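> quick check, what structure comes out for this input:
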Amino acid sequence: QEERVGCAPPCVCHAHNSPPLVLPAPSLPSFAAPPLFVMADSKEQRLLEVLEKMQTQISSLETEGLKQDLQALRDEIKSISTGLGSPAPAKAAPAAAAAAPKAGEAAYRGKITQLSSEVRDDNPYSRLMALKSMGIVKNYEDIRGYSVIIVGMGGIGSVAGEMLTRCGIGKLLLFDYDTVEIANMNRLFFRPDQAGMSKTDAAAQTLAAINPDVEFESYCHNITTTENFENLLDRIQHGGLTGGPVDLVLSCVDNFAARMAINSACNELQTVWMESGVSEDAMSGHIQLLVPGRLACFRCLPPLVTTSGFDEKKLKRENVCAASLPTTMGVVAGLLVQNALKYLLEFGIVAEYLGYNAFKNFFPGYSLYPNPQCEDSHCCKNQTAFKAWKEKGGKALKGWEERVDAEIEKEAPKDADPNEWGITLEEDSEPVAPPAAAAAGPKGAASLPDGIQFAHQPGAAGVKEDTIEVGGESVDDLRAMLAGMK
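Coordinates of the predicted model:
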């Protein structure tokens, strides 16, 4: 407030003894208020009401409403100072600002506690649960209870993680030591704005936004070191939803050392895992099921280049990188997750080894049995335990029992009509005459059906036959005869 001209202190006039008006400093310079003038109590009250409303908007952090109320305050001050009348009413905040999701909430929905097959536009599981109603899977809702480790979040692992997340897996534990780079943008999944983030954190961020029902654990480290290998063992043993072991390990790494680390851990803990890979030219790939004791481990049948003692690090040439096609990696990731779902939900035939050749559109498949002389001692112990189980029975490890796929169908009642739909077949074609006599052939030869004949019949006219009559000639005579024919 400014002092009135002619007032000598101490003064008792209203202007010098009314409560001071404190204006909060606005954060936006564009909304700075003009200088204030002396005003009556009623006008001060109107101004204070507007300020209180503004303070409420500040407390709720609604930026649009704050800007509009600041503008209304500016108009109010201008109106009071010039005596132009009542202030302009403040506009209502847009509905979008009020409906904006708060921090920590899912972008589009909350968590779903139970899977439903109800067909609704807002049910993300209706098309998955249709597999159950169609008789493909007996218990699709059980997928919420499974936990899977994915090692390697590259071109295969990241896509596999997204597929499992969209399928509603219970928990994913992600391992990778690398970071997202712009060079990774030729592949699927990662976005340019995630460059510089660890692949595991970037993947967990994206996947949690896709399906908030899935739990995630992110580990950005190299599993081939001693300390990190111990952590991998711990998470295989205690990384399940209830603190128990995980149900499956997926290997999506691109080097032999990491594959051997996973192989050693799963052999030691008797854990089923699946291995995958794409060739250096991006034109082929494969997936492989590894069941400790029943099927070959990775050390049983290692790649030839490693068994020869060659250092795989020397295979990489300077300024030369392996080819990478999102198509090939997407195909292999799809095969891997499809196999994982069949293994976890127990439907279909789980592939033990399935290859993919993009050039020839060829998918070879076969079984790989363990090597009794494997260098991994845990593998040999598992083989012995598996043989003992087959002979004497007892407790079986998961994956030892070979499942036989059976269609889920209800038995028809004994008195059911075999022709429920009344379908009959009527003969509308002309009767076919019995075949004519078979074409004549050589004596003793099998008869031929109608329309087929011998191209050459021995003894026919115009056919010259060279015959040699052999009597009691000696070997020398036969040799002479043979020389005469040349």
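
> I figured residue 276 hits residue 289, correct?
No - in this structure residue 276 lies outside contact range of residue 289 using CB atoms under 8 Å: 10.5 Å. All C-beta spots, glycine's among them, are computed from the backbone N, C-alpha and C.

> could you measure from residue 418 over to residue 427?
Note on residue 418: its distance to residue 427, by CB to CB, to the nearest Å, is 21 Å.

> where does pLDDT dip in the stretch 301-450 of the chain?
Residue ranges of the stretch 301-450 of the chain with pLDDT under 70: 303-320, 403-417, 420, 429-450.

> and the helices in it?
Counting by DSSP state H, counting those that start in this stretch, the stretch 301-450 of the chain has helices at residues 304-307, 326-345, 377-392.

> next: the stretch 101-250 of the chain.
126-133, 157-167, 199-210, 226-238.

> buried residues in the third one?
This points to helix 199-210. For helix 199-210, the neighbour count (16 or more other CB atoms under 10 Å) marks 199-204, 206-208, 210 as buried.

> quick revisit: dump the helices of the stretch 101-250 of the chain to CSV, plus distance to residue 47 and mean pLDDT.
Below are the helices of the stretch 101-250 of the chain laid out as CSV (distance: least, CB to CB, whole Å; pLDDT from 0 to 100):
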stretch, distance to residue 47, mean pLDDT
helix 126-133, 57, 92
helix 157-167, 54, 97
helix 199-210, 45, 95
helix 226-238, 62, 96
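
> nearest to residue 178, of the ones you listed?
Smallest distance to residue 178 across the helices of the stretch 101-250 of the chain (CB to CB): 5.4 Å, for helix 199-210.

> let me know the angle separating that closest one from helix 157-167.
With axes from the mean of the first three to the mean of the last three CA atoms, to 10 degrees defining the directions, helix 199-210 sits at 20 degrees from helix 157-167.

> what packs against helix 199-210?
Here helix 199-210 touches helix 157-167, strand 171-175, strand 215-219, going by 3 or more CB pairs under 8 Å, 6 or more residues apart in numbering; DSSP states H and E.

> closest to residue 267 out of these?
Smallest distance to residue 267 across the helices and strands packed on helix 199-210 (CB to CB): 17.8 Å, for strand 171-175.

> tell me the angle that closest one makes with helix 199-210.
Between strand 171-175 and helix 199-210, the angle comes out at 160 degrees (the same axes, to 10 degrees).

> CA atoms only: put strand 171-175 into CSV for me.
Extracted C-alpha coordinates of strand 171-175, given in CSV (Å, rounded to 0.1, in the frame of the first residue of the first chain):
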residue,chain,number,x,y,z
LYS,A,171,6.7,-62.9,-13.5
LEU,A,172,9.7,-62.1,-15.7
LEU,A,173,13.3,-61.8,-14.5
LEU,A,174,15.4,-60.0,-17.0
PHE,A,175,19.2,-60.3,-17.3
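
> who touches it?
146-153, 157, 161, 164-165, 199-200, 203-204, 207, 214-219, 221, 223, 232, 235, 239-241, 246 (CB atoms under 8 Å, 6 or more residues apart in numbering).

> let's go with 6 Å and repeat that
Here strand 171-175 makes contact (CB atoms under 6 Å, 6 or more residues apart in numbering) with 147-151, 153, 161, 200, 203, 215-219, 223, 235, 239, 241.

> what lines up beside it in the sheet?
Here strand 171-175 is paired, per DSSP bridges, with strand 147-151 (parallel), strand 215-219 (parallel).

> and among these, the most buried is which?
Among the strands paired with strand 171-175, ranked by average contacts under mean count of other CB atoms under 10 Å, first place goes to strand 147-151 (a mean of 24).

> what angle sits between that one and helix 226-238?
Angle, strand 147-151 to helix 226-238, by the same axes, to 10 degrees: 160 degrees.

> what angle do helix 326-345 and strand 147-151 make with each other?
If you take the same axes, to 10 degrees, strand 147-151 sits at 150 degrees to helix 326-345.

> any regions of the stretch 101-250 of the chain where pLDDT drops low?
For the stretch 101-250 of the chain, residues meeting the criterion pLDDT under 70 lie at 101-107.

> so where do the strands sit in this protein?
Secondary structure of the chain (DSSP state E): strands located at 147-151, 171-175, 215-219, 248-251, 273-278, 284-290, 353-357.

> would JSON lines of these with distance to residue 117 be doable?
As requested, those are exported to JSON lines (distance: least, CB to CB, whole Å):
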{"stretch": "strand 147-151", "distance to residue 117": "23"}
{"stretch": "strand 171-175", "distance to residue 117": "23"}
{"stretch": "strand 215-219", "distance to residue 117": "23"}
{"stretch": "strand 248-251", "distance to residue 117": "25"}
{"stretch": "strand 273-278", "distance to residue 117": "28"}
{"stretch": "strand 284-290", "distance to residue 117": "30"}
{"stretch": "strand 353-357", "distance to residue 117": "30"}
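
> how about the ones you listed, which one is nearest residue 454?
Nearest to residue 454, of all these, is strand 353-357, at 42.6 Å by CB to CB.

> so which bits of the closest one are buried?
Buried-residue list, strand 353-357, by 16+ other CB under 10 Å: 353-356.

> also stretch 166-184?
Neighbour-count burial for stretch 166-184, counted by 16+ other CB under 10 Å, picks out 166-177, 179-180, 184.

> same question for stretch 278-296.
Under the neighbour-count criterion of 16+ other CB under 10 Å, stretch 278-296 has 278, 282, 284-296 buried.

> any idea how far residue 141 is from residue 148?
Residue 148 sits 17 Å away from residue 141, going by CB to CB.

> again with residue 108
Counting by CB to CB, the gap from residue 108 to residue 141 is 22 Å.

> neighbour count for the two, which is higher?
The neighbour count for residue 108 versus residue 141, taken as other CB atoms under 10 Å, is higher for residue 141 (17 against 11).

> thought residue 115 was touching that one, still the case?
Yes - between residue 141 and residue 115 a contact is recorded at 4.4 Å, counting by CB atoms under 6 Å.

> and residue 50, how far is that from residue 419?
Look at residue 50 and residue 419: by CB to CB, they are 84 Å apart.

> with residue 260 instead?
According to CB to CB, residue 260 stands 61 Å off from residue 419.

> and those two? which has more neighbours close in?
When residue 260 and residue 419 are compared on other CB under 10 Å, the one with more neighbours turns out to be residue 260, at 17 against 7.

> and residue 418, how many residues sit next to it?
Neighbours of residue 418 under the rule other CB under 10 Å: 5.

> ok, it - contacts?
By CB under 6 Å, 6+ apart, residue 418 has no neighbours at all.

> can you offset everything so residue one is 10?
Okay, using 10 as the starting number, the last item reads as residue 427.

> bridging residues for residue 299?
According to DSSP bridges, the residues that bridge with residue 299 are residue 282.

> doesn't residue 280 make contact with it?
No - checked against CB under 6 Å, the pair residue 299 and residue 280 is beyond contact range at 9.4 Å.

> name the nearest residue to residue 388, ignoring sequence neighbours.
With sequence-adjacent residues excluded and distances taken as CB to CB, 6 or more residues apart in numbering, residue 388 is closest to residue 306, at 4.6 Å.

> and the one you found, how many residues sit next to it?
Residue 306, neighbours per other CB under 10 Å, totals 29.
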